[in-house]
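Undergrad: Quick one, fold the following:
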Amino acid sequence: MLEQLPEWARIFLMSMIPGIESKVSIPFAIEIFGWKWWEAFAIGIAGNMILVPVGLLFFKEVERFLERFGPWQRAMGWLFPRIRRRAGSKVQRYECAALLFFVAIPLPMTGAGLGTLIAYLFDLSFSRSLLMIFLGVLIAASVATVVVVTGVELFF
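TA: This next block holds a predicted model:
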């Protein structure tokens with residue numbers, strides 16, 4: 001089914017997936033589809049950011065809805081306290097700078113998706129969180145793009 005979608009739609013959708021996001025979709029578009037870096041960058045950033053404001057605004061309602069289902073309630077009961085415990089001191093001390101740093105690291109399990117969840121869990125300002133997540137996405141996507149375009153090998 002996904003093969004029937006245009007390439008840009010596949011890259012856009014791939015960029016929306018937490019953990020994958022633009023840091024993977026941009027190199028994919030460049031290497032697999034042969035796109036120019038700026039084409040991949042624009043679609044990757046757009047897809048990566050499209051759900052961030054929605055998440056920041058509506059995470060509470062989603063959490064309330066999911067709490068009605070046992071497996072989700074158990075998962076959130078395990079995950080949310082763990083995130084608060086692991087990131088709590090850093091986020092409370094550095095707030096938006098910590099959020100920016102977390103999103104900007106182009107590694108698995110970092111990025112806009114988890115950054116949005118962290119902003120929600122620590123009740124950070126909507127506008128500042130949106131800006132820091134956007135800047136973090138730009139940094140992570142830029143690093144991934146430069147690595148692919150220049151051919152730098154990070155791993156042996």
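Undergrad: burial count for residue 137?
TA: 26 (other Cβ atoms under 10 Å). (C-beta placed from N, C-alpha, C; glycine too.)
Undergrad: Against which helices or strands is the host helix or strand of it packed?
TA: Here residue 137, judged by DSSP states H and E, is contained in helix 126-150. Judged by 3 or more Cβ pairs under 8 Å, 6 or more residues apart in numbering; DSSP states H and E, the packing partners of helix 126-150 are helix 21-31, helix 37-49, helix 52-66, helix 96-104, helix 112-121.
Undergrad: Can you give me the buried ones in the helix or strand of the chain with the lowest mean pLDDT?
TA: The weakest-scoring helix or strand in the chain, judged by mean pLDDT, DSSP states H and E, is helix 70-94 (a mean of 80). Going by neighbour count (16 or more other Cβ atoms under 10 Å), the buried part of helix 70-94 is 87, 91.
Undergrad: Over to stretch 47-56?
TA: Buried positions in stretch 47-56, judged by neighbour count with 16+ other Cβ under 10 Å: 47-49, 51-53, 55-56.
Undergrad: Switch these over to TSV; also include distance to residue 83 and pLDDT.
TA: Below are the buried residues of stretch 47-56 laid out as TSV (distance: Cβ to Cβ, whole Å; pLDDT from 0 to 100):
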residue	distance to residue 83	pLDDT
47	24	98
48	20	97
49	21	98
51	18	94
52	17	97
53	20	97
55	14	94
56	16	95
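Undergrad: Report pLDDT for the residue nearest the centre of the chain.
TA: Ranked by distance to the mean C-alpha position of the chain (Cα atoms, centre = their mean), the top residue is residue 112 at 2.4 Å. With respect to pLDDT, residue 112 scores 96.
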